[in-house]
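S.K.: Return a 3D structure for these sequence lines:
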Amino acid sequence: MSTEPRLAEVIDPEPAQEAARGTDQAVKETLEDYTLRFAPRSYRRWTPMVVATTALGGIAYMADFSIGAGIGLAHGTGNALLAIGVAAVVIFVTGFPLAYYGARYNIDLDLITRGSGFGYFGSVLTSVIFASFTFIFFALEGSIMAQGLKLGLGLPLWLGYLVSTLMVIPLVIYGMTALSKLQVWTTPIWLVLMVGPLVYLVATDPGTVDRFLAYAGTDGEGGVNTASVMLGAGVCLSLIAQIGEQIDYLRFMPPKTEANKRSWWTAVVMAGPGWVVLGALKQAIGVFLAVYIIAEVGPTAAPEPIQQFKHAFDAMMPSWIVLPLAVVLVVISQIKINVTNAYSGSLAWTNSFTRVTRRYPGRMVFVLVNLGFALALMEADMFSFLNSILGFYSNCAIAWVVTVATDIGINKYVLKLSPHAPEFRRGMLYAVNPVGVVAFVAASGLSIAMYFHALGDTLQPYSPVAAAVIAFVLTPLMAVATKGEYYLRRTDDGIAEPLFDEDGNPSAVAYECHVCRQRFERPDVAACRTHDAVVCSLCLSTDKAGDHVLPEAPAAQ
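M.R.: Sure, this is the predicted structure:
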């Protein structure tokens with residue numbers, strides 16, 4: 001806590017004490033990781049490559065192998081590879097502007113969403129969607145680990161689900177510091193175990209490649225079919241929200257300067273939208289391994305990564321080491337991604353809860369909430385209807401990410417109707433911005449209706465396309481229709497110090513919040529409405545009386 005003189009004395013202590021009580025938990029937590037707020041320069045002590053390695057460590061998840069296998073078994077190799085490619089292009093293009101904003105301005109995807117078309121409360125919708133993404137994929141990875149524990153140790157699935165859930169709690173408590181160490185040290189082991197069997201199979205039995213390329217799928221047709229490609233792409237596009245987890249790490253990037261700009265950009269592209277390159281490769285490998293083991297164990301077990309790698313290891317190693325290695329690979333992968341799922345999900349739930357209730361209960365509460373949802377899905381055997389869940393979910397995720405990416409790329413840089421610099425503080429934004437909210441609701445609503453055959457069987461496979469196109473078209477149209485009037489409630493936050501330094505990075509000048517008495521950097525504070533002092537963004541969020549929130553002012557002054 002700062003020992004420097006306070007900027008101003010509190011005139012009326014009651015509202016300040018009320019807001020301070022809302023931030024007590026944040027101050028007491030061992031490592032807050034700057035939940036709900038800007039990540040200050042003083043905390044961002046990692047190099048670009050360490051941040052990128054940590055972010056990419058979460059891409060070790062095994063779900064890609066199951067997703068690729070499921071698409072390949074249903075539609076054949078040709079359709080599966082095209083579907084994977086289409087989805088990868090969409091994810092890369094939409095992920096780039098989001099990753100750049102997260103790394104450049106050091107804020108997570110929810111804070112980006114607030115100022116990119118949704119408003120202060122409007123982005124609660126998307127926070128819930130992102131939180132859903134994290135527990136759906138936690139459940140998927142937990143199911144895969146439970147399959148491995150059953151095969152390797154004989155644990156019943158229900159107990160495997162519980163073990164895979166409980167084991168991540170100690171790891172996720174300590175946030176970025178522990179996660180960076182975990183991801184850096186486990187990534188080389190994971191890469192060797194994943195790539196080794198594939199290289200061996202291709203080198204020793206080239207015929208596996210021919211069988212893989214010729215596989216026609218369960219329908220037996222084998223030819224490229226547009227509907228099949230779109231159905232497969234819809235499942236892959238459920239991963240579009242993964243960019244949110246990447247940004248949860250990228251927000252800790254150091255300031256971009258002339259000296260580090262090459263490594264800075266390399267890290268942002270590689271760990272931001274570039275995650276999908278590795279993801280697409282894993283999906284293709286999943287198709288390959290599924291085709292490889294069909295003849296040995298049948299199509300029922302082919303989508304299970306533990307079976308895929310067990311049989312791949314069996315071709316190159318003594319039988320006594322095969323099962324232990326396969327189980328180790330699955331466990332390492334599950335831990336690497338599910339600490340990220342638990343961490344990012346807790347941030348998303350905390351964000352939503354704090355804005356709606358104006359009370360901060362602590363991130364650990366929502367770690368447990370997220371894990372509870374995930375465990376319930378696992379016990380309900382979500383793995384057996386995986387593609388249906390992902391196909392439905394992808395419509396919401398696509399509508400959200402495309403809306404925000406379009407607002408940044410078109411509304412900010414082309415139309416210049418959306419403020420160039422992101423804004424996330426309460427009082428500076430309108431509660432709801434119709435630009436993003438209308439585009440998102442229309443895109444997700446219509447695409448979900450298509451997914452459930454409401455517009456006919458012919459259009460059903462194209463629901464992901466509809467979600468993307470509607471969001472891309474409506475976002476700039478709504479900005480033009482509203483003339484950009486609902487982005488900023490006011491442009492002046494009452495502090496003379498510029499938000500950005502000479503390099504365009506968020507200013508590192510620190511101020512003391514007169515409510516919680518902690519010091520925060522310039523982008524995270526605003527002037528107080530009733531006192532000659534400043535208030536941090538979290539204290540503004542938990543101010544139930546609105547005593548500290550600046551009044552509305554014209555957006556153009």
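S.K.: and the helix ranked longest in the chain, which residues are buried?
M.R.: Taking DSSP state H as the criterion, the chain has its longest helix at helix 319-357. Across helix 319-357, burial judged by 16 or more other CB atoms under 10 Å covers 322-323, 325-355. The C-beta positions use only the backbone N, C-alpha and C, and glycine is treated the same way.
S.K.: Show the secondary-structure elements that that helix is packed against.
M.R.: If contacts are counted by 3 or more CB pairs under 8 Å, 6 or more residues apart in numbering; DSSP states H and E, helix 319-357 sits against helix 109-113, helix 124-153, helix 169-172, helix 175-204, helix 242-250, helix 305-314, helix 363-379, helix 537-541.
S.K.: Pull the distance from it to the chain's centre.
M.R.: Here helix 319-357 is found 12 Å from its chain centre; the criterion is CA atoms, centre = their mean, to the nearest Å.
S.K.: again with stretch 212-220
M.R.: Worked out by CA atoms, centre = their mean, stretch 212-220 lies 33 Å from the chain centre.
S.K.: what sits up against it?
M.R.: Stretch 212-220 has contacts (CB atoms under 8 Å, 6 or more residues apart in numbering) with 72-80, 222, 228, 287-288, 291-292, 299.
S.K.: what's the most distant pair in those residues?
M.R.: Largest separation among the contacts of stretch 212-220 by CB to CB: 228 and 292, giving 21.4 Å.
S.K.: circling back to that earlier point, between the contacts of stretch 212-220, which is closest to residue 136?
M.R.: Of the contacts of stretch 212-220, the one sitting nearest to residue 136 (CB to CB) turns out to be residue 74, at 19.8 Å.
S.K.: Can you tell me the element that closest one falls in?
M.R.: Using DSSP states H and E, the element containing residue 74 is helix 63-75.
S.K.: other SSEs contacting that helix?
M.R.: Using 3+ CB pairs under 8 Å, 6+ apart, helix 63-75 sits against helix 77-105, helix 124-153, helix 226-236, helix 275-297, helix 305-314, helix 386-406.
S.K.: do you know which of the helices and strands packed on helix 319-357 lies nearest residue 509?
M.R.: Nearest of those (CB to CB): helix 537-541, 15.5 Å.
S.K.: how about low-confidence regions in the stretch 251-400 of the chain?
M.R.: 295-298, 383, 386-387 (pLDDT under 70).
S.K.: Show me the shaky parts of the chain.
M.R.: Low-confidence segments of the chain (pLDDT under 70): 1-33, 35, 58, 172-187, 219-222, 295-298, 383, 386-387, 554-557.
S.K.: Identify the residue spatially nearest to the residue nearest to the spatial centre of it, adjacent ones excluded.
M.R.: When CA atoms, centre = their mean is applied to the chain, the residue found nearest the centroid is residue 244 (2.5 Å). Leaving aside its chain neighbours, residue 244 sits nearest to residue 109 (4.2 Å; criterion: CB to CB, 6 or more residues apart in numbering).
S.K.: what's near enough to touch that neighbour?
M.R.: 98, 102, 130, 243, 244, 247, 248, 404.
S.K.: now it: how far from residue 101?
M.R.: 9 Å (CB to CB, to the nearest Å).
S.K.: quick one on the thing from earlier: may I ask which two of the contacts of residue 109 are separated the most?
M.R.: Greatest spacing in the contacts of residue 109, by CB to CB: 248 and 404 (15.2 Å).
S.K.: State the number of residues packed around residue 116.
M.R.: Residue 116 has 31 neighbouring residues, counting by other CB atoms under 10 Å.
S.K.: Do I have it right that it meets residue 436?
M.R.: Yes. Contact status for residue 116 versus residue 436: in contact at 6.7 Å, counting by CB atoms under 8 Å.
S.K.: Mutual contacts of the two, please.
M.R.: 404, 407.
S.K.: Buried ones in stretch 363-382, by neighbour count?
M.R.: Neighbour-count burial for stretch 363-382 flags 363-364, 366-367, 369-371, 373-375, 377-378, 382 (criterion: 16+ other CB under 10 Å).
S.K.: Same check on stretch 427-438?
M.R.: Neighbour-count burial for stretch 427-438, counted by 16+ other CB under 10 Å, picks out 427, 428, 429, 430, 432, 433, 434, 435, 436, 437, 438.
S.K.: excluding its backbone neighbours, what's nearest residue 163?
M.R.: residue 149 is the one closest to residue 163 (CB to CB, 6+ apart), at 6.5 Å.
S.K.: and that neighbour, how many neighbours?
M.R.: Neighbours of residue 149 using other CB under 10 Å come to 22.
S.K.: With residue 214 instead?
M.R.: Look at residue 214: counted by other CB under 10 Å, it has 12 neighbours.
S.K.: Next one: it from residue 293, what distance?
M.R.: Taking CB to CB, one finds residue 214 at 16 Å from residue 293.
S.K.: correct me, but residue 515 touches residue 537?
M.R.: No. Contact criterion CB under 8 Å: residue 515 and residue 537 do not qualify, at 11.2 Å.
S.K.: next one: stretch 257-274 to chain centre, how far?
M.R.: 19 Å.
S.K.: in that stretch, what counts as buried?
M.R.: 260, 264, 267, 268, 269, 270, 271, 272, 273, 274.
S.K.: try stretch 225-241
M.R.: Quick answer for stretch 225-241 (16+ other CB under 10 Å): 225, 228-241.
S.K.: C-alpha coordinates for that stretch, CSV please?
M.R.: The C-alpha coordinates for stretch 225-241 follow below in CSV (Å, rounded to 0.1, in the frame of the first residue of the first chain):
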residue,chain,number,x,y,z
ASN,A,225,-19.5,-31.4,-50.7
THR,A,226,-20.2,-27.7,-49.8
ALA,A,227,-22.8,-28.6,-47.1
SER,A,228,-20.4,-31.1,-45.5
VAL,A,229,-17.6,-28.5,-45.5
MET,A,230,-19.8,-25.9,-43.9
LEU,A,231,-21.0,-28.3,-41.2
GLY,A,232,-17.5,-29.2,-40.4
ALA,A,233,-16.3,-25.6,-40.4
GLY,A,234,-19.2,-24.7,-38.0
VAL,A,235,-17.8,-27.2,-35.5
CYS,A,236,-14.2,-25.9,-35.9
LEU,A,237,-15.5,-22.3,-35.6
SER,A,238,-16.7,-23.0,-32.1
LEU,A,239,-13.0,-22.4,-31.2
ILE,A,240,-13.2,-18.8,-32.4
ALA,A,241,-13.6,-17.6,-28.8
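S.K.: before we move on, the earlier item: so which two of the buried residues of stretch 257-274 are the farthest from each other?
M.R.: Pairwise over the buried residues of stretch 257-274, using CB to CB, the maximum falls at 260 and 273, 19.8 Å.
S.K.: for the contacts of stretch 212-220, which one is nearest residue 499?
M.R.: residue 80 (46.9 Å).
S.K.: For burial, what's the neighbour tally of that closest one?
M.R.: Residues contacting residue 80 under the criterion other CB under 10 Å number 32.
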